[in-house]
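A.B. asks: Predicted model and sequence follow; I will ask about them next.
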Amino acid sequence: MAWHSLDGALNFREVGGLPTSDGRRLRRGRLFRSDTLQFLTEDSVRRLTTDLGVATVVDLRLPYEVQVEGRGPLAELPHRYHHLPFLVRGSEQQGNATPRFTSEDDVIVQHYLGYLASSPDAVAGVVAALAEPGALPAVVHCAAGKDRTGVAVAVVLTAVGVPADVIAAEYAAGAERMDEVFGQLRRMKSYGERLDALPAEARITEATTMARFLAAVEREYGGVRRFLDDQGVDDAMVEQLREQLTESAG
């Protein structure tokens, strides 16, 4: 994991160098994750597309968010764009992208499981999009770069064999940026002061949360690979992604 300075993005980082359970590792400069990219400057866009060579953008925001907030200067550039909205119960409220959390135990894990239940095609679609020939380097983003992006990246990493504890640590790497990220969200039309109603857990990014989520996917779906297979992303497609995203650690 490496942070990159990108004006206009508060939570942008590389997901690279992580080990897999079979002795490989994630290639550097192939996968990035971020909060919203709508505020990128012209210099940042040039750095993202020219210096980092990003060929694919995977946007997990709601249709309402994309409509109201837009895509910023990236919308004018020729690259692969996949809009794969992660929906959960109560997320498609009129004029409001702030999710409604339930009062269930382990509320964040249940919220994350809601992505798989409500948007299985979008969750699996992230893997399918990244597995396409020439798709990498790619950036996956939502609004905060925490929840939807965290789940999407976790699914991708699990699929290519990164151990759960490593994925959990990667997820938690953005914890210190959440105050600034939520401050920006509060200034955005699609969120605003409605964020104040979120439970305290919604602002925390802990490794144990991701570890519990991955364990729950194992219990409820038989694991990430079985979930993907049920959505039509078969072993051949996953292996294609693995070849493009990982390399021998030797």
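C.D. replies: Received the coordinates, thanks.
A.B. asks: CA only for contacts and neighbour counts going forward, please
C.D. replies: Noted.
A.B. asks: Tell me where the model's unsure across this protein.
C.D. replies: Scanning the chain for pLDDT under 70 picks out 1-4, 89-104.
A.B. asks: those helices in it, which residues are they?
C.D. replies: 42-46, 63-69, 107-118, 120-131, 148-159, 164-172, 178-186, 207-221, 224-230, 235-245 (DSSP state H).
A.B. asks: Quick one: distance of the fourth one to the chain centre.
C.D. replies: Distance of helix 120-131 from the chain centroid (CA atoms, centre = their mean, to the nearest Å) equals 11 Å.
A.B. asks: Could you do the shortest one as well?
C.D. replies: Centre-to-centre, helix 42-46 and its host chain are 21 Å apart (CA atoms, centre = their mean).
A.B. asks: wouldn't Ala249 be in contact with Asp22 here?
C.D. replies: No: Ala249 lies out of contact with Asp22 (CA atoms under 8 Å); the separation is 9.5 Å.
A.B. asks: one step back: closest to Ala138 out of the helices of the chain?
C.D. replies: Of all the helices of the chain, it is helix 120-131 that lies closest to Ala138, at 7.2 Å by CA to CA.
A.B. asks: and the gap between the most centrally placed residue in the chain and Pro63?
C.D. replies: Taking CA atoms, centre = their mean as the criterion, Thr149 is the residue nearest the geometric centre of the chain, at 1.7 Å. Shown here: Thr149 relative to Pro63, a distance of 16 Å by CA to CA, to the nearest Å.
A.B. asks: Met178 too?
C.D. replies: 23 Å.
A.B. asks: Also Val162?
C.D. replies: 31 Å.
A.B. asks: Looking at the two, which is more packed in?
C.D. replies: Val162 (23 against 18; other CA atoms under 10 Å).
A.B. asks: got a list of what the more buried one touches?
C.D. replies: 18-21 (CA atoms under 8 Å, 6 or more residues apart in numbering).
A.B. asks: Same check on Asp43?
C.D. replies: Counted by CA under 8 Å, 6+ apart, Asp43 has contacts Asp7.
A.B. asks: what about 10 Å?
C.D. replies: Contact analysis of Asp43 by CA atoms under 10 Å, 6 or more residues apart in numbering lists 6-8.
A.B. asks: Next, format those residues as CSV and append neighbour count and distance to Ser190.
C.D. replies: Output for the contacts of Asp43, formatted as CSV (neighbours: other CA atoms under 10 Å; distance: CA to CA, whole Å):
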residue, neighbour count, distance to Ser190
Leu6, 18, 23
Asp7, 16, 21
Gly8, 18, 18
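A.B. asks: quick check, nearest of those residues to Val238?
C.D. replies: Leu6 (30.1 Å).
A.B. asks: Can you give me the distance of the closest one to Gln244?
C.D. replies: 25 Å.
A.B. asks: same check, this time on Ala172
C.D. replies: Ala172 is 25 Å from Gln244, by CA to CA.
A.B. asks: now Val54
C.D. replies: 14 Å.
A.B. asks: ok, the closest residue to Ala117 other than its chain neighbours - how many residues close by?
C.D. replies: Counting by CA to CA, 6 or more residues apart in numbering, Val88 is the residue found nearest to Ala117 once chain neighbours are left out, at 7.9 Å. Using other CA under 10 Å, the number of residues around Val88 comes to 19.
A.B. asks: ditto for Pro78
C.D. replies: 10.
A.B. asks: Show the contacting residues for it.
C.D. replies: Neighbours of Pro78 in contact, by CA under 10 Å, 6+ apart: 49, 55-56.
A.B. asks: where does the closest residue to Leu52 other than its chain neighbours fall, phi/psi-wise?
C.D. replies: Of all residues not flanking Leu52 in the chain, Gly29 sits nearest, at 6.9 Å (CA to CA, 6+ apart). Dihedral pair for Gly29: phi 70, psi 20, per degrees, to the nearest 10.
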